[in-house]
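S.K.: pasting the sequence and the predicted coordinates here, then a few questions.
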Number of protein chains: 4
Amino acid sequence: MGFRILDPNFERRVRDSFARQAAMALIGATMTRVSPGRCEIELPVREDLTQQHSYVHGGVVGMIGDSAGGYAAFTLMPVDSSVLTVEYKINMLAPAKGERLLAVGSVVKPGRTLSIVRADVYALEDGRETLVAAMQQTLMVMHGMSDERL
Amino acid sequence: MGFRILDPNFERRVRDSFARQAAMALIGATMTRVSPGRCEIELPVREDLTQQHSYVHGGVVGMIGDSAGGYAAFTLMPVDSSVLTVEYKINMLAPAKGERLLAVGSVVKPGRTLSIVRADVYALEDGRETLVAAMQQTLMVMHGMSDERL
Amino acid sequence: MGFRILDPNFERRVRDSFARQAAMALIGATMTRVSPGRCEIELPVREDLTQQHSYVHGGVVGMIGDSAGGYAAFTLMPVDSSVLTVEYKINMLAPAKGERLLAVGSVVKPGRTLSIVRADVYALEDGRETLVAAMQQTLMVMHGMSDERL
Amino acid sequence: MGFRILDPNFERRVRDSFARQAAMALIGATMTRVSPGRCEIELPVREDLTQQHSYVHGGVVGMIGDSAGGYAAFTLMPVDSSVLTVEYKINMLAPAKGERLLAVGSVVKPGRTLSIVRADVYALEDGRETLVAAMQQTLMVMHGMSDERL
């Protein structure tokens, strides 16, 4: 994929920003692997995250997909920038159940203003991995706006 | 809009199902108004729902939009049915901040198998209402599967 | 809706740009009504626009929706600008058949960089109007790039 | 990916259906490679397919993406079935220009009722390939409805 890296300290910038997302702490999500153009977020399944059928709520699946995708894009953005979700589309493919969910965001096309990302969310149950959601997302670079100061 | 009502007790069925969504309790969302083809969900803004810029996390905005839209569709479904989100697309239009958010789901086209819904999410701040997200959603009717037994 | 008009000659600019879309001439689409934040495109149904079931091809429905939405956004853009489709999402609601199709684009939120639009496509058959597609779209303003010179 | 094939004559069924899409003939698109869960459609770039900036119209890009995706899904459907586009979402990534476009549809998840597909559209110019659009699509299987008889 040979993405061009604009900030060699992208990983610290990305992890620091994620650490400031209170909503991720509320649901118990953690950022696991981060690499250029790619980001993974894990979520242990909990009862208080479910919808009426005891599966993880589709909106919660969307939350970790949105964060994994947004931070995948943010790895390729310059130092003095911030990232904003313009829009996303998510297909629910299978019930989100098991021990934990894993969202993997991968940049399709980075851009000076807009970046396009795809994210897949997997459910891990009894050692098996099932694709439970597929997302496509548009993100915006906010130049000259450090993520920390916003 | 003259939607055909298949279950006269739709409101109780919808409110009961919402009450079983643990994830809605976690974020503090409540269902306010329900009418045929329409559903509203309110969310008081809390610090633990925010992203890195102190606005409500886009995924949380998606959660209440998804639920408002899904239950708007569910009002028009038959007694022995359940509702499933097939997919949704959401545009973020403005920062989700203020005292509370209001998600309004409205059925565009109900169907025997699939229903199409649009949902809008507003932020209420100092008496002003701002549209913060616009969603379009596809839902599936699961026939012969009471929402309670699933 | 009280949109702010940046170019009083928006209608001529919009109609001139549409006239340069060769693909619209190929399918026989014409621009009918244009007003601030709104644009309508009509398409007489022809056999050579159909898919395998003799309905108008979903992609053709998307074409007129995309153009109606894009030009609805363009009505609110400044003189020296051009409009670009970032992305769109379209739901097919009913078979696109009858005498003609009508696509109506309406701006949801205009913006300095991005504009969000919803477009609906109707089929007109025997005096009846049926909603056949619902679209949500993100458009980008290209500043300092007159649409004519691009 | 080891998809299960329900109709060993899927290729003839798919190519016959495509041949009945008059709209594909109008724009000059041809179906090239077809394999289980995958379908490619090629489109020579022509002046009458362009928008106001002389690039191929985004709606035309959507047309070949929609067809490539739909037929990728159709390869995995049973004999007596037909395929219907429920919805799609497409991001435009780069100007669609060059000698020809190539749309590649790949099934993400086949299903008894709904199938989810991703399609990528490339522009081929001077021997180089550029990704110009990324699509995600939901398709519906119509059982007991041969595509030919519809």
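M.R.: Sure, I can see it.

S.K.: secondary structure element holding A:Arg15?
M.R.: helix A:10-19 (DSSP states H and E).

S.K.: packing partners for that helix?
M.R.: strand A:30-35, helix A:58-74 (3 or more Cβ pairs under 8 Å, 6 or more residues apart in numbering or on different chains; DSSP states H and E). Placement of C-beta: from N, CA and C, glycine included.

S.K.: centre of the chain to the shortest one, how far?
M.R.: Read that as strand A:30-35. 9 Å (Cα atoms, centre = their mean, to the nearest Å).

S.K.: return the most buried member of the helices and strands packed on helix A:10-19.
M.R.: Counting by mean count of other Cβ atoms under 10 Å in any protein chain shown, helix A:58-74 has the highest mean neighbour count of these, with a mean of 29.

S.K.: pull up the pairing partners for the following helix or strand past it, direction included.
M.R.: Helices and strands here follow DSSP H and E; after helix A:58-74, the next one along the chain is strand A:81-92. Here strand A:81-92 is paired, per DSSP bridges, with strand A:128-143 (antiparallel), strand B:81-92 (antiparallel).

S.K.: tell me the angle strand A:81-92 makes with helix A:10-19.
M.R.: With axes from the mean of the first three to the mean of the last three Cα atoms, to 10 degrees applied, the angle from strand A:81-92 to helix A:10-19 works out at 70 degrees.

S.K.: next secondary structure element downstream of strand A:81-92?
M.R.: strand A:100-109.

S.K.: is chain D contacted by that next one?
M.R.: Yes. If you take Cβ under 8 Å from any Cβ of the partner chain as the test, strand A:100-109 does meet chain D, through A:108-109.

S.K.: elements contacting that strand?
M.R.: strand A:38-44, helix A:58-74, strand A:114-125, strand A:128-143, strand D:128-143.

S.K.: buried stuff in the fourth one?
M.R.: Right, strand A:128-143. Within strand A:128-143, the residues that count as buried by 16 or more other Cβ atoms under 10 Å in any protein chain shown are A:130, A:132-142.

S.K.: any idea how far stretch A:107-123 is from the chain center?
M.R.: 9 Å.

S.K.: again, but for stretch A:32-42
M.R.: 8 Å.

S.K.: how long is it end to end?
M.R.: With Cα to Cα, to the nearest Å as the measure, the first residue of stretch A:32-42 is 7 Å from its last.

S.K.: got a list of what the nearest residue to A:Gln21 once chain neighbours are set aside touches?
M.R.: Closest residue in space to A:Gln21, ignoring its immediate chain neighbours: B:Gln51 at 4.8 Å, by Cβ to Cβ, 6 or more residues apart in numbering or on different chains. By Cβ atoms under 8 Å, 6 or more residues apart in numbering or on different chains, the contact list for B:Gln51 reads A:20-23, B:57-58.

S.K.: which one of the residues you listed is nearest to chain D?
M.R.: Nearest to chain D out of the contacts of B:Gln51 is B:Gly58 (Cβ to the nearest Cβ; 16.6 Å).

S.K.: from A:Leu43, how far out is the closest one?
M.R.: 16 Å (Cβ to Cβ, to the nearest Å).

S.K.: thinking again about what came up before, immediately after the helix holding A:Arg15, which helix or strand?
M.R.: With DSSP H and E, the next secondary element past helix A:10-19 is helix A:22-27.

S.K.: show me what that next one is in contact with.
M.R.: A:18, A:30, A:41, A:43, A:46, A:49, A:60, A:63-64, A:67, B:26-27, B:47-51, B:56-57, B:59-60.

S.K.: pLDDT weak spots in chain A?
M.R.: Counting by pLDDT under 70, the ranges of chain A that qualify are A:1, A:148-150.

S.K.: could you measure from the residue nearest to the spatial centre of chain A over to chain B?
M.R.: For chain A, A:Ala68 is the residue whose C-alpha lies nearest the centre (Cα atoms, centre = their mean; 1.1 Å). A:Ala68 sits at a distance of 10 Å from chain B (criterion: Cβ to the nearest Cβ, to the nearest Å).

S.K.: give the contact list for that residue.
M.R.: Contacts of A:Ala68 (Cβ under 8 Å, 6+ apart): A:39-41, A:103-105, A:119, A:121.

S.K.: nearest to chain D within chain A, name that residue for me.
M.R.: Counting by Cβ to the nearest Cβ, chain A gets nearest chain D through A:Lys89, at 4.2 Å.

S.K.: for that residue, what are its contacts?
M.R.: Here A:Lys89 is in contact with A:135-137, B:87-90, C:89, D:89, D:136 (Cβ under 8 Å, 6+ apart).

S.K.: if you set the cut-off to 7 Å instead, what comes out?
M.R.: Residues in contact with A:Lys89, defined by Cβ atoms under 7 Å, 6 or more residues apart in numbering or on different chains, are A:135-136, B:87, B:89, C:89, D:89, D:136.

S.K.: check A:Gln136 too.
M.R.: A:88-89, A:118, D:89, D:91, D:134, D:136.

S.K.: do you know how far it is from B:Ile41?
M.R.: 25 Å.

S.K.: also A:Arg112?
M.R.: Taking Cβ to Cβ, one finds A:Arg112 at 37 Å from B:Ile41.

S.K.: and those two? Which one has more around it.
M.R.: B:Ile41 (28 against 9; other Cβ atoms under 10 Å in any protein chain shown).

S.K.: can you name the residues that contact the more buried one?
M.R.: By Cβ under 7 Å, 6+ apart, the neighbours of B:Ile41 are B:29, B:31-32, B:64, B:67-68, B:103.

S.K.: what's opposite it in the beta bridge?
M.R.: B:Met31, B:Ala103.

S.K.: go on, A:Glu87?
M.R.: A:Thr138, B:Asn91.

S.K.: hmm, A:Thr138 and it touching each other?
M.R.: Yes. If you go by Cβ atoms under 7 Å, A:Glu87 and A:Thr138 touch, sitting 5.2 Å apart.

S.K.: any shared contact partners between the two?
M.R.: With Cβ under 7 Å, 6+ apart, A:Glu87 and A:Thr138 have common neighbours C:87, C:138.

S.K.: next, count neighbours for the nearest residue to A:Lys97 once chain neighbours are set aside.
M.R.: What sits nearest to A:Lys97 in space, not counting adjacent residues and going by Cβ to Cβ, 6+ apart, is A:Tyr55, at 5.0 Å. A:Tyr55: 22 surrounding residues under other Cβ under 10 Å.
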